[in-house]
Each structure stands twice: as C-alpha cells, then as structure tokens.
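S.K.: Quick one, what's the 3D model for this:
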Amino acid sequence: MADHATAHALDGGHRLVHCPLNLDHVANVDLSQADDGNLEGASAVMKYRCTRMDPPTDAPHARWAVGVYDRTTGRVDFKYADEFDMYADPLIAKETEAGSALPESGDWLDRKIAIADAFQTPKAQRQLRQRAANRVAPEATFGGADLAGTVRELEEKASLVTAEEEKSGVEVVATLFDGAFAAHADSLDAQKRALRALASERGRDSWVPETWPVFIVTQLQRADEAQTRDLLLARHVLEFRALEQKGTCRVVAIARERQMPEAVLGAILETYAQASKTAAGAYKYDCRAAPLQDALTVAVLFSLLRANGGRLEVEDAARALRATVKRCTALLRTRLGCAVSAKRKRGQPHATTARLPGVEEVVVEGE
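M.R.: Prediction:
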C-alpha cells in the first residue's frame, strides 16, 4: 500500500496527499485544471478529481479533502487537508468518455483485465489473462464462402496427391534422377573432354579409364552424347556405393580420388543419402538404411536402362552392382515396372533381360 500520492498539476507545481491510500498505482497521476476550477486526472483504470470544499469547523485551515474508495466496503472515506486532495472514481460500468483512461483499443475482455489489475486478486487476473490467451483472432475465423473455398483447395490438393500416387514407378524414379543430375550435364561433358585429352596425351585409343567396370567401359566406347551422360552417372553412383556407407565425405578430395565431378558427388549425397553440409564444405552422411541402398541401386539400373534404349541384361548389371540377379530383378519389377524374361540355351548361362514399360521384346530368329 502506498502511504501517499503525489499529484502533478500542469502549472509545474505538485501537491502532497498525506493520507493512506489502498491503490499503488495512484502515485504520480498527472492533473489538469477543469473549467470549474477543480483538478482532474486519470490512471490506467481510475479517474481522479480534486474538488475544493468548505473547511470543516474542526479543521479550519483545511482547504481540500481527499476521498479514498474502499472496495471492500464500497464506501469513500474523506480526509481533509490544507493541500490538494484527491479521490478515486472507479470507471467500471461506465460508457467510454473522451479522454478515458481505459484502453481505447481492444474488446470487452481487455477492459475487464485492466480493471482486474487494479481491484481484483492475482488469481482472478491470471484467469482473465488465460481467457485472453485462448481466444481466437478474428482473422482466423471465416464464413461460409471462405469455408467453400477451403474445401475446394483441399479437394485440389487431394487430386494432386492422387495423381502423384498414380504415377508409374519409372516416372517417380526418373523425376528424382533428373532432378538430381539434370543441372550437371556440363560437368559430365567436361569430364569426358578431360579424359579424352588425357588419353590422347598418353597415346591411348580409348578415353575410358580401364579401371572402370568392364560392363560400362564396353558401352561407353560406342555410346552417343546422351548415352554417355547416363553411363557416366551409372559409373559414379556405383563408385559412391563402394564408399563407406557412413562417415564424412570431403567432396574435393573424394571427387579427385574417385574420378567424379564434384557437382555430381554433391548431388548424390544430397539426393540418395542422409547428409548435412559442414562449415568446412564437407558432408556428414549416412546411407546405410535399406530404402537408401535400394534407391542407389535403382538409380544405377535406371541409368543403364535409359542408356540402352530401355533394355538391360540383368546379369551384367548385377555383376557391376555386386548384387544378386534375384534382388536386381525384384527392384526392376517393383520400382521400375519392368518386364523381366529369363532364357537359357543348352550349355550357356541364364540370360535375364529387363524391359521398361512400352519397350518391345527383341525376337531373335531361329529361337
């Protein structure tokens, strides 16, 4: 409780009320002189008025009286003094006046909170603030027209999701593959030019390094530009599969060591592994999970299929992948929708051929 309140008049003076007050916030209330000569002022929730009164007979030197509102009894207790005195007039249940100290912006609840801060218990104040925290903002509500629009948007999104789910497996794989590597065609072309220059300098007939998988080396020697890019990507993904499946990949060093363009290696890490780039430019990655391993295998199978016109000898691919023919066949069927046929001639190993949807089977005469 405040023992006194200081009222600052606009003339620069101040008056001191030597009367016990029961509201802390009445201190330092700015007062202005009204038309009738009395002083008026307001705090956040109270309006104060200092009125000149006739001095009582028992206090002939008193010129002013202060009335203090007691909220427990609902009465105002007047004390007389020879200085400016004040009394508090609660603004509850009154219409908003010009110059009112109640919040001008906000709704009924904001006004009730302001009054509770002055007169009610901390528990009641907390309850009102909880109600304020739980109310819904007007901009978050909508009418029937908005609801119809929202339903239409949800239907459109659902139709898009359904269309995405209805895509064939090869479309999904192609979208992921091209999204990862389409922007790096220049890097692959630059690598081919560099390898050609190196082979010419060393007097070699073929620009393809002999250490690469034989299956891919043979096809690269007779591939056109588009096929070369797909075969190079197949080789680079195979090379990535040969790395440790968890660790830190320093892109510049690994790319140089494994004969891979840095951009392609970065795309593989970001698309087919759980990877995060460090401040030093390296990648912390983990691709041990079975779905990621399958995605890498499918990426190799898809690039080989596309480079060979939609057909693939599964045994050759399985050998390059160091995987079983059975596993490769399962992925070709389930993930790429391939038709797989297995044939065997007497005295020869099995010949398993996979074909992308829409690619016709080659019939050899005499079979």
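
S.K.: Which residue ranges of the stretch 151-300 of the chain form helices?
M.R.: Here the stretch 151-300 of the chain has its helices, by DSSP state H, counting those that start in this stretch, at 169-181, 185-202, 214-220, 225-241, 251-258, 262-272, 290-307.

S.K.: Mean pLDDT and mean neighbour count added to the ones you listed, as JSON lines?
M.R.: Where you see a C-beta, it was placed from the backbone N, CA and C, and this is true even at glycine. Conversion of the helices of the stretch 151-300 of the chain to JSON lines gives the following (pLDDT from 0 to 100; neighbours: other CB atoms under 10 Å):
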{"stretch": "helix 169-181", "mean pLDDT": "88", "mean neighbour count": "17"}
{"stretch": "helix 185-202", "mean pLDDT": "90", "mean neighbour count": "14"}
{"stretch": "helix 214-220", "mean pLDDT": "87", "mean neighbour count": "18"}
{"stretch": "helix 225-241", "mean pLDDT": "92", "mean neighbour count": "22"}
{"stretch": "helix 251-258", "mean pLDDT": "89", "mean neighbour count": "14"}
{"stretch": "helix 262-272", "mean pLDDT": "92", "mean neighbour count": "20"}
{"stretch": "helix 290-307", "mean pLDDT": "92", "mean neighbour count": "21"}
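
S.K.: any chance of those in a markdown table, with distance to Cys338 too?
M.R.: Listed next are the helices of the stretch 151-300 of the chain as a markdown table, based on distance: least, CB to CB, whole Å:
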| stretch | distance to Cys338 |
| --- | --- |
| helix 169-181 | 8 |
| helix 185-202 | 25 |
| helix 214-220 | 18 |
| helix 225-241 | 16 |
| helix 251-258 | 29 |
| helix 262-272 | 20 |
| helix 290-307 | 7 |
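
S.K.: domain ranges for this protein?
M.R.: Domain assignment for the chain by automatic domain parsing gives 5-102, 175-309.

S.K.: I'd like to know which of the helices of the stretch 151-300 of the chain lies nearest to Val340.
M.R.: Ranking these by their distance to Val340 (criterion: CB to CB) puts helix 290-307 first, at 11.4 Å.

S.K.: Could you look up the next helix or strand downstream of that closest one?
M.R.: Counting by DSSP states H and E, the next helix or strand C-terminal to helix 290-307 is strand 311-313.

S.K.: Identify all contacting residues around that next one.
M.R.: For strand 311-313, contacts defined as CB atoms under 8 Å, 6 or more residues apart in numbering pick out 301, 304-305, 332, 338, 351-356, 359, 362.

S.K.: Return the set of buried residues in that strand.
M.R.: Across strand 311-313, burial judged by 16 or more other CB atoms under 10 Å covers Arg311, Leu312.

S.K.: Quick check: mean pLDDT of that strand?
M.R.: Confidence for strand 311-313, expressed as mean pLDDT, is 90.

S.K.: can you state the direction angle for whichever helix or strand comes after it and helix 290-307?
M.R.: Using DSSP H and E, the helix or strand that follows strand 311-313 in sequence is helix 314-321. Relative orientation of helix 314-321 versus helix 290-307 (axes from the mean of the first three to the mean of the last three CA atoms, to 10 degrees): 130 degrees.

S.K.: Can you tell me the element the closest residue to Arg333 other than its chain neighbours falls in?
M.R.: Leaving out its chain neighbours, the residue that sits closest to Arg333 by CB to CB, 6 or more residues apart in numbering is Val340, at 5.9 Å. Assigned by DSSP H and E, Val340 belongs to strand 339-343.
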